[in-house]
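1. Requesting a structural model of the entry that follows:
(one chain, ligands or ions: 2)
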Amino acid sequence: MIPSSKSLNFDVDPKSDFIVPEIPGLNLIHDYINTQEQNQLLEIIDQQEWSTQLKRRVQHYGYRYEYQKRTLTSASYLGELPNWANQLGQRLVRDRVTPTPPDQLIINEYLPGQGITNHVDCVPCFGNTIISLSLGSCCVMNLTHLPTQTQIPVLLLPGSLLILQRVARYQWQHGIPARKNDKYQGREFGRSRRVSLTFREVVFPYK
Ligand SMILES: O=C(O)CCC(=O)C(=O)O
Ligand SMILES: [Fe+2]
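-> Ligands and ions are numbered 1, 2, ... in the order given. Now for the predicted structure:
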């Protein structure tokens, strides 16, 4: 039987059961937020409007990212992040995850079977630090080293924070295969609904 991610926290201790891959500039903080905080955030997020422009549903805050043009435009500014997102951004600064508060956020919803193609987040649009907070379900994210095509999977657990900076941000693509379950370091995990919050800082000339 494939364990669902609901039972995951009870039978997996991420700190001792899994080895986090060593990619320069990649950091993973397990349990960055607890289950109660995750549920509170999910409740707020689900009260907001979802965009259905992609196969998966998304919400954009701060600046709207143009998927077709793969960039921001001068018309992308949407306003400041809402309070609940800003509070998280301030916490990331306080915890020294990033030096400056993020001003752009994309929320992605992945139902089992949905994913995101391998990509590097827009280099001219966003700064050095890309932060992704996972809610709801685990999933395996693949990191692909652009010069060698070496692929390294990383298990993202609900409540965890993935931080991509420097080499991990610019020389590695990240993506989530569109599938219903993942195998990771000898174990199999069924996916349920995952919602991720990816925080970035917009840089000149898009600011
Ligand atoms: O779902 C995630 O954790 C990553 C999302 C992502 O890579 C993006 O929005 O650029
Ligand atoms: Fe990304």
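
2. drop to CA atoms for contacts and neighbour counts, all remaining ones
-> Noted.

3. Next one: D182 relative to T144, how far apart?
-> 17 Å (C-alpha to C-alpha, to the nearest Å).

4. er, Y110 actually
-> Per C-alpha to C-alpha, Y110 is found 20 Å from T144.

5. residue boundaries of the helices in this structure?
-> Ranges of helices in the chain, per DSSP state H, are 5-11, 14-17, 35-46, 83-94, 166-170.

6. Just give me how far the fourth one sits from the chain centre.
-> Offset of helix 83-94 from its chain centre (C-alpha atoms, centre = their mean, to the nearest Å): 15 Å.

7. what does it rub up against?
-> Outside helix 83-94, the residues that touch it by C-alpha atoms under 8 Å, 6 or more residues apart in numbering are T98, P99, T100, P101, P102, F199.

8. What number of residues are in the vicinity of the nearest residue to the fourth one once chain neighbours are set aside?
-> Residue nearest to P101 in three dimensions, not counting chain neighbours: G89, with 5.5 Å by C-alpha to C-alpha, 6 or more residues apart in numbering. Per other C-alpha atoms under 10 Å, the neighbour tally for G89 reads 24.

9. so where is the chain shaky, pLDDT-wise?
-> 1-12, 14-16 (pLDDT under 70).

10. hmm, try it at 80
-> Along the chain, segments meeting pLDDT under 80 span 1-20, 74.
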